[in-house]
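*Asks:* Provided below are the primary sequence and the corresponding predicted coordinates.
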Amino acid sequence: MVFGHQLAHHRKRTPRSESSAAVYEFRLKGIDLGLPDGLATPEIVQKLTDGTYEEDEAQSALRCVRPGFRVLELGAGIGYVTALCAQRTAPEHVLSVEANPALLPVIAANLDRNGLAGINLVHGAVTGPVAEGATGLFALSSGYTGSSLDGKGRPIRVPLISVHALIRQHKPHVVLMDVEGAEADMFDRVWNCPLRYCVMELHPKKYQPRVIKKIVDVMSRMDMTYDPVTSRGKILGFRKVWGATDPPEG
């Protein structure tokens with residue numbers, strides 16, 4: 001077991017022409033990452049440098065994802081956790097959704113630089129039940145973290161995608177989500193999939209405690225229980241409760 005944070009090596013690569021942006025380069029847990037200068041706020045660069053960037057989410061992916069598991073990732077960021085998931089299972093088993101269009105080429109580039117091309121990367125904001133083809137306003141914050149459907153920032157129109165449609169399409173064993181409060185609308189009914197783990201970041205400032213109770217209740221109806229290993233602070237993890245005739249988690 002490793003205690004503390006492993007510092008990430010990074011450097012800023014100079015653009016080859018005036019029309020291209022400088023790119024910060026990092027390496028975390030064996031994953032090579034690039035972040036364009038325009039998206040690199042000092043806070044994000046510091047976290048990428050000291051190894052605390054998406055640390056809890058990364059540990060959850062390493063804990064939950066196993067060879068052959070299908071993974072549904074809601075909120076891909078720059079593709080760091082996406083890459084970890086693809087390494088643990090296979091790129092074709094990962095379906096990742098990101099609402100910020102500026103991050104899509106960043107995610108694709110980061111997967112390419114790690115030899116992990118082939119995931120299904122979808123542009124849109126995931127929510128609860130919604131009509132096919134619906135769109136909504138997505139608020140872009142400074143940098144890229146904290147952008148959300150109900151936040152403050154520059155509004156852009158993005159596709160809205162029902163979490164239930166994604167569940168039906170991908171039938172995930174693992175669901176990982178960081179959707180800045182949109183999780184409140186995703187637990188109106190149980191998910192029909194072979195779920196083994198679900199890990200999400202809660203945003204209690206954006207909704208009442210009864211929303212968290214609803215999430216826990218729906219997970220319980222799916223034979224999912226609180227997972228202390230993947231839960232920490234606002235990160236809430238669940239794992240499957242196996243019956244006497246079911247295979248163990250290992």
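*Replies:* Sure, I can see it. Numbering: from 1, shown residues only.

*Asks:* would you mind finding the longest helix in this protein?
*Replies:* With DSSP state H setting the assignment, residue counts place helix 209-221 as the longest helix in the chain.

*Asks:* buried set for that one?
*Replies:* Residues of helix 209-221 classed as buried by neighbour count (16 or more other C-beta atoms under 10 Å): 211-212, 214-216, 218-219. For the C-beta atoms, the positions are set from N, CA and C on the backbone; glycine is no exception.

*Asks:* do stretch 27-36 as well
*Replies:* Applying 16+ other C-beta under 10 Å to stretch 27-36 flags 28-29, 31, 33-36 as buried.

*Asks:* quick one: the strands in this structure?
*Replies:* Across the chain, reading from the start of the chain, the strands by DSSP state E fall at 10-13, 23-28, 31-36, 71-74, 94-98, 120-123, 125-127, 135-140, 154-162, 174-177, 197-201, 224-226, 235-240.

*Asks:* please report the distance of A40 from V81.
*Replies:* With distances defined as C-beta to C-beta, to the nearest Å, the gap from A40 to V81 amounts to 18 Å.

*Asks:* more neighbours, those two?
*Replies:* When A40 is set against V81 and neighbours are counted by other C-beta atoms under 10 Å, the residue ahead is V81, at 26 against 20.

*Asks:* quick one: pLDDT of that one?
*Replies:* We have a pLDDT of 97 for V81.

*Asks:* please apply the same query to P247.
*Replies:* In this model, P247 is scored at 55, pLDDT.

*Asks:* go on, V106?
*Replies:* In this prediction, V106 carries a pLDDT score of 96.

*Asks:* re earlier: A90: which of the buried residues of helix 209-221 is nearest?
*Replies:* Among those, M219 lies closest to A90 (C-beta to C-beta), at 26.5 Å.

*Asks:* from V218, how far out is the closest residue to the closest one other than its chain neighbours?
*Replies:* Among residues not flanking M219 along the chain, F238 sits closest, at 4.8 Å (C-beta to C-beta, 6 or more residues apart in numbering). Per C-beta to C-beta, F238 is found 10 Å from V218.

*Asks:* likewise for V126?
*Replies:* With the distance defined as C-beta to C-beta, V126 ends up 16 Å from V218.

*Asks:* by mean pLDDT, which helix or strand of this structure comes out lowest?
*Replies:* The helix or strand of the chain with the lowest confidence, counting by mean pLDDT, DSSP states H and E, is strand 10-13 at a mean of 52.

*Asks:* for this structure, give me the ranges with low pLDDT.
*Replies:* 1-21, 142-148, 151, 243-250 (pLDDT under 70).

*Asks:* please redo it, this time with the cut-off set to 80
*Replies:* Counting by pLDDT under 80, the chain contains low-confidence residues at 1-21, 141-153, 242-250.

*Asks:* quick one, what contacts the nearest residue in space to D56 that is not next to it in sequence?
*Replies:* The spatially closest residue to D56, leaving aside those adjacent along the chain, is I235, at 4.8 Å (C-beta to C-beta, 6+ apart). Neighbour list for I235: 56-57, 60, 199-202 [criterion: C-beta atoms under 8 Å, 6 or more residues apart in numbering].

*Asks:* could these be laid out in CSV, adding distance to V163 and neighbour count?
*Replies:* Rendered in CSV, the data for these read as follows (distance: C-beta to C-beta, whole Å; neighbours: other C-beta atoms under 10 Å):
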residue, distance to V163, neighbour count
D56, 21, 18
E57, 18, 23
S60, 18, 27
V199, 15, 25
M200, 11, 25
E201, 15, 20
L202, 16, 19
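
*Asks:* closest one of those to A76?
*Replies:* Once C-beta to C-beta is applied, the member of the contacts of I235 that ends up nearest A76 is E57, at 10.7 Å.

*Asks:* quick check: closest non-adjacent residue to that closest one.
*Replies:* Spatial nearest neighbour of E57, excluding adjacent residues (C-beta to C-beta, 6+ apart): V81 at 5.0 Å.

*Asks:* thought the one you found was touching E54?
*Replies:* Yes. If you go by C-beta atoms under 8 Å, V81 and E54 touch, sitting 5.9 Å apart.
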